[in-house]
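Participant: just the structure for this:
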Amino acid sequence: MRALLFRYLAARWKHPGSPYIHAGLALERRARALSAYWTPHFSRTRAAQARWAQTASGQILTVLGAGPLLDLNAAALSPKFTRFRLVDANPLAATGWALLNHPVEPVITDITNCLTPWRQKLKKFRGPWHQTLDLIRQLPHAPAYSAPADALLSLNILSQLEIGWQEAVEPILHNRFGTRFVLAHEQEWLDAIRPGSQMLVEQHLASLAASAARHILLITDLEYVEYTGRAYQRHQWQEPPMQWTGENWLADEGITYQAIPALEGVVLNHETFARWLPSYQLQWHESWLWHIAPNGTEATAYGKLHRVGAFALALTGSP
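Facilitator: Model (predicted):
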């Protein structure tokens with residue numbers, strides 16, 4: 001924990017204006033506190049990368065959302081690629097990249113090229129509530145970060161983009177209009193951010209296609225579930241209270257739940273990939289459950305479960 005604190009202070013000193021450092025610290029602390037439940041997810045994520053590495057290879061592997069490397073399978077990927085290009089918005093993450101025993105090109109950037117200017121423009125705006133919501137709906141778009149690479153790994157970042165948008169908007173509204181007012185009009189501003197959320201998802205898919213990488217592995221949350229009816233111990237892994245059959249959810253007796261899509265306005269299937277990545281073929285996909293916050297382990301009245309998917313795509317004509 002002391003080493004993590006040192007990295008945090010160093011990142012804050014070098015990047016005092018970054019809005020991502022504190023969230024990165026919270027993520028690493030949460031991963032440690034709930035390691036009994038996060039480790040199975042990390043293992044499945046690394047296993048998907050190992051499967052992908054059986055056919056993907058080349059000079060440069062770009063990793064979008066590299067983070068603190070908790071779920072990167074460097075052991076499987078380093079023999080297949082000469083260099084890793086690790087990309088993340090959080091400067092704290094990069095403080096650990098140098099420890100990899102492999103050549104690394106670090107890139108610290110907002111891959112959306114939107115969230116930072118959107119946040120800045122919204123902070124400066126002083127119009128009334130309805131004009132503010134109109135501004136949120138109509139913020140200008142920009143092409144996402146893209147760089148040539150032999151292969152591209154989108155590492156559980158796609159679903160985080162719209163969460164980042166929501167987390168950027170909410171505190172600005174609270175500061176501008178007051179917490180009580182914003183809570184009373186919650187559905188209004190949540191509806192207002194939806195166009196931007198969907199754009200961020202579609203923009204990311206378009207950036208994968210623009211990379212022209214011969215091989216792409218997209219790992220992302222697909223669905224979020226909140227449930228009640230059973231409590232868990234933090235340090236002892238137990239089976240989640242529900243399972244995904246491939247078509248629907250099966251919950252244990254006494255469990256009530258609500259499931260919502262993780263990707264605004266987009267379902268990842270053959271039709272979606274044909275539209276946004278027309279030069280690619282979906283080679284395989286798999287999914288698993290991530291019990292990210294078992295009921296009783298955090299300060300909420302419910303537990304959280306994510307359904308995660310991995311999608312391997314190859315450029316048409318690639319070996």
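
Participant: from residue 105, how far out is residue 63?
Facilitator: The gap separating residue 63 from residue 105 is 10 Å, by CB to CB, to the nearest Å. Using the backbone N, CA and C atoms, a C-beta is placed for each residue, glycine as well.

Participant: should've said residue 30
Facilitator: Between residue 30 and residue 105 the distance, using CB to CB, works out to 28 Å.

Participant: list the buried ones in stretch 63-81?
Facilitator: For stretch 63-81, a neighbour-count test (16 or more other CB atoms under 10 Å) marks 63-74, 76-78, 80-81 as buried.

Participant: then residue 175 would be within a strand, right?
Facilitator: No: residue state for residue 175 (DSSP: H, G, I helix; E, B strand; the rest coil) corresponds to helix; a strand is not indicated.

Participant: residues near it, how many?
Facilitator: By other CB atoms under 10 Å, 11 other residues sit near residue 175.

Participant: likewise residue 177?
Facilitator: Taking other CB under 10 Å as the definition, residue 177 ends up with a neighbour count of 16.

Participant: excluding chain neighbours, what is closest to it?
Facilitator: residue 129 (6.2 Å; CB to CB, 6 or more residues apart in numbering).

Participant: which residues does the one you found contact?
Facilitator: By CB atoms under 8 Å, 6 or more residues apart in numbering, the contact set of residue 129 is 177, 181, 185.

Participant: for residue 192, state which of the residues you listed is nearest.
Facilitator: Distance to residue 192, by CB to CB, is smallest for residue 185 among those, at 10.0 Å.

Participant: just the pLDDT for the closest one.
Facilitator: Residue 185 is assigned a pLDDT of 97 by the prediction.

Participant: contact partners for it?
Facilitator: With contacts defined as CB under 8 Å, 6+ apart, residue 185 is in contact with residue 129.

Participant: if I look at it, how far off is residue 165?
Facilitator: Distance, residue 185 to residue 165, using CB to CB: 18 Å.

Participant: go on, residue 206?
Facilitator: Distance, residue 206 to residue 165, by CB to CB: 17 Å.

Participant: neighbour-wise, which of those two wins?
Facilitator: Between residue 206 and residue 165, counted using other CB under 10 Å, the more crowded position is residue 165 (24 against 15).

Participant: which helix or which strand is home to the more buried one?
Facilitator: Using DSSP states H and E, residue 165 sits within helix 158-177.

Participant: now do the helices in the stretch 201-319 of the chain.
Facilitator: Secondary structure of the stretch 201-319 of the chain (DSSP state H, counting those that start in this stretch): helices located at 270-276.

Participant: low-confidence ranges in it?
Facilitator: For the stretch 201-319 of the chain, the stretches with pLDDT under 70 are 318-319.

Participant: name the residues that touch stretch 93-113?
Facilitator: Identification of contacts with stretch 93-113 by CB under 8 Å, 6+ apart yields 7, 10-11, 15, 24, 60, 64-69, 74, 78, 82-91, 116, 142-145, 147, 157, 161, 164, 200, 203-204, 207.

Participant: out of these, which sit inside strands?
Facilitator: Cross-referencing the contacts of stretch 93-113 against strands under DSSP state E gives 60, 64, 82, 83, 84, 85, 86, 87, 88.

Participant: the fifth one: neighbour count?
Facilitator: With neighbours defined by other CB under 10 Å, the count for residue 84 comes to 25.

Participant: now the last one
Facilitator: When counting by other CB under 10 Å, one arrives at 26 neighbours for residue 88.
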